[in-house]
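Visitor: This is a predicted model, with the sequence first.
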Amino acid sequence: MTSDPSLHDRVVLITGGSRGFGRFIGEALLEAGARVVLTGATRSSQLADVQAQADARFGPGRCVTLAADVSAPDDCQRTVLAALEHFGRIDVLINNAGRGSAEYRATIDDSTTRFWDVPVAAWRRIIDTNLTGAFLMTRAVVPHMIERGFGKVFSISTSLTTMILTGLSPYGASKAGLETAHVVWARELAPHGVDVNILLPGGAADTDFITQDMVPGTVGQRTGPDSMLLPGDVIVAPALHLCSDASNGITGRRIIAKFWDATRPTAEAFSGCLQPQHAHPEIMSVDPLMIVAIVTFSPRHRSSLSTAQQRALFEATAPAYLKIPGLLRKYFIGSESRAGGIYEWRSRQDAEAFYTTEWRQRITDTYGTELRIEWFDAPCVVDVEGGQILYAPDLLDERGDHPR
C-alpha cells in the first residue's frame, strides 16, 4: 500500500493502541513516516512490547506509549499535554479504546445475559470507555486543533445490527451514542477546519477482541474461505486515508472498511467505503441485510457430491452470482448431506427482487426437496448438518452493514 506523502511527520494520537485495531493502525502509520502516540488503560506488557518494537524498527522518538484511562478526565488531559510536549502538535485523534461484552456474560445462544441482569458496574465501564471516553479525549484535543485551524478526529464504531442485538444493549447503546455525538461534533467543528468521522470494519475481525470462546484458534490465523472473520488489519487502509490530507474536508461520514478495494486508486477505494448520508438517521429501524439459504440435496446428489465438490461448485458459480445487482458476497457452508450459502445483499429490495418463486422452484427441482430461505435482522452462524441457525452477536460484530 502506497502511503500519502502528507503522512510523513503527521502526529497521530491513538487510544487503545496496545493491541487490535489500534496497534495495526499505529504500526502502519509509523511505516508511512508518521509520529504516533499510543495509549493503553494500564502499563501492560503489551504496551511495553509496542514501544520496544517501535523503537527497534523506526528509531527512538517516533512512537510514544502512555498508560492512560480514557474514562478518567485527568488522564485524557495528561495524554494531550504529553503528546504536545513530545511532538509539538496533534494532527489526528483516533478514538479506538473500547470495551465489549467481555465485561459481563454474553453468549451466542439464549443463555446470554439480558439487560436487567447486566451488572451496573459492567454497564458503566462500557459506557464510560466507549462513549464518555471518546468525549473526554476529543474534548481535550479539539481546543488545540481549533487554535491551529486544522485537525482530524475519527472513532471506531460497529454495525447498526450489532447495536440492537439481544444481550448487547450496553455495547450497542455506547456505539449508537458515539455515532450520534459525531454527527453533532462534525457540524460544530466544521467552521474550525476539524473533520470528524466514524470508521468501522464491516465485520468481526481477527483480533483478540474476538475471544477463544467465540472463535477458537490462534489470533491472526482465524481467517480463510470458511471463516466469517475479516483480517485483523482490514481497517488500516481507510484509517490511513482518513489521517492524510487526501481526506481533508470529508466530515460527518460513516466509513465501512471492508468495502475498500485495493485494486482501485486510493480515492476510488475510499469512496466505495462511504455510507450514504441520511438527513434523518433511523436508529429504531434497521433493514435486514442478510439471507441464509439452506439446501438439502436429493439422494442422488447426496451420494455423488462430496463436500469438496459441493464447495467447488459453489465457488465456480460465484463470479456469475456476484454480477447479480445488489449481491455483495456469498459464503459456502456444507456437509455430505446438506449445503448452504450465506448471502450478503446491499439492500433487502435487491434480494427480494432476486429470490422469486421461479428461482426457488428451479433450485428445488435441481438439488432436492427442501430449500429454506430466511431473513435475519442480524448476522448468524449456520449449522448446516443440524439445520440450526445459531445467532452469534459477539462473533459477527459488523456483518450486514452496507451502503444503501
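Guide: Yep, that arrived.

Visitor: From what I see, R187 and G252 are in contact.
Guide: Yes: the criterion here is C-beta atoms under 8 Å, and R187 meets it with G252 at 6.8 Å. (Each C-beta comes from the backbone N, C-alpha and C, glycine too.)

Visitor: Of these two, which one has the most company?
Guide: The neighbour comparison of R187 against G252 (other C-beta atoms under 10 Å) goes to G252, with 17 against 12.

Visitor: any idea which element the residue lying closest to the more buried one once chain neighbours are set aside lies in?
Guide: Nearest non-adjacent residue to G252, counting by C-beta to C-beta, 6 or more residues apart in numbering: A186, 3.5 Å away. Assigned by DSSP states H and E, A186 belongs to helix 169-189.

Visitor: For that helix, list every residue counted as buried.
Guide: 169-179, 181-182, 185-186, 189 (16 or more other C-beta atoms under 10 Å).

Visitor: Let me see the ranges of the strands in the stretch 101-250 of the chain.
Guide: Here the stretch 101-250 of the chain has its strands, by DSSP state E, counting those that start in this stretch, at 151-156, 194-200.

Visitor: Tell me which of these is the most buried.
Guide: Highest mean neighbour count of the strands of the stretch 101-250 of the chain: strand 151-156, a mean of 26 (counted as mean count of other C-beta atoms under 10 Å).

Visitor: Contacts made by that strand with the rest, please.
Guide: For strand 151-156, contacts defined as C-beta atoms under 8 Å, 6 or more residues apart in numbering pick out 21, 90-96, 98, 134, 138, 141-142, 144-145, 178, 182, 185, 189, 192-200, 235, 239, 242-243, 247, 255.

Visitor: let's see 6 Å
Guide: For strand 151-156, contacts defined as C-beta atoms under 6 Å, 6 or more residues apart in numbering pick out 92-93, 95-96, 134, 138, 145, 178, 194-199, 242.

Visitor: now stretch 59-70
Guide: Residues outside stretch 59-70 that contact it (C-beta under 6 Å, 6+ apart): 15, 30, 35-43, 47, 50-51, 54, 75, 79, 82, 86, 97, 133, 137.

Visitor: Pull out the buried residues from those.
Guide: Using 16+ other C-beta under 10 Å, the buried members of those are 15, 30, 35-41, 47, 50-51, 54, 75, 79, 82, 97, 133, 137.

Visitor: Just the ones in helices from those, please.
Guide: Those of those mapping onto helices are L30, L47, V50, Q51, A54, D75, T79, A82, G133, M137, per DSSP state H.

Visitor: distance of the closest residue to the fifth one other than its chain neighbours from H241?
Guide: Setting aside the residues directly before and after it, A54 is nearest to C63 in space (C-beta to C-beta, 6+ apart), at 3.6 Å. Summarising the geometry, the distance separating C63 from H241, computed by C-beta to C-beta, to the nearest Å, is 21 Å.

Visitor: so who does A83 touch?
Guide: Here A83 is in contact with L13, V37, I90 (C-beta under 6 Å, 6+ apart).

Visitor: In strands only, show me these.
Guide: Members of the contacts of A83 lying in strands (criterion: DSSP state E): L13, V37.

Visitor: just the contacts of A83 now: which is nearest F270?
Guide: Nearest to F270 out of the contacts of A83 is L13 (C-beta to C-beta; 21.7 Å).

Visitor: Please look at the closest one and I90 and confirm they touch.
Guide: Yes: L13 is within contact range of I90, at 5.4 Å (criterion: C-beta atoms under 6 Å).

Visitor: okay, these two: which has more neighbours?
Guide: A direct count of neighbours by other C-beta under 10 Å for L13 and I90 places L13 higher, at 28 against 24.

Visitor: if I look at the more buried one, how far off is K152?
Guide: For L13, the distance to K152 equals 11 Å [C-beta to C-beta].

Visitor: Let's see stretch 68-83 as CSV, backbone CA atoms only.
Guide: Listed next in CSV are the C-alpha coordinates belonging to stretch 68-83 (Å, rounded to 0.1, in the frame of the first residue of the first chain):
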residue,chain,number,x,y,z
ALA,A,68,-3.9,6.4,30.3
ASP,A,69,-7.6,5.5,31.1
VAL,A,70,-9.8,7.4,28.7
SER,A,71,-12.7,7.3,31.2
ALA,A,72,-10.6,9.5,33.6
PRO,A,73,-10.7,13.2,32.6
ASP,A,74,-7.3,13.9,34.2
ASP,A,75,-5.7,11.0,32.2
CYS,A,76,-7.1,12.5,29.0
GLN,A,77,-5.7,15.9,29.7
ARG,A,78,-2.3,14.4,30.7
THR,A,79,-2.2,12.4,27.5
VAL,A,80,-2.8,15.5,25.3
LEU,A,81,-0.1,17.5,27.2
ALA,A,82,2.4,14.7,26.9
ALA,A,83,1.7,14.5,23.1
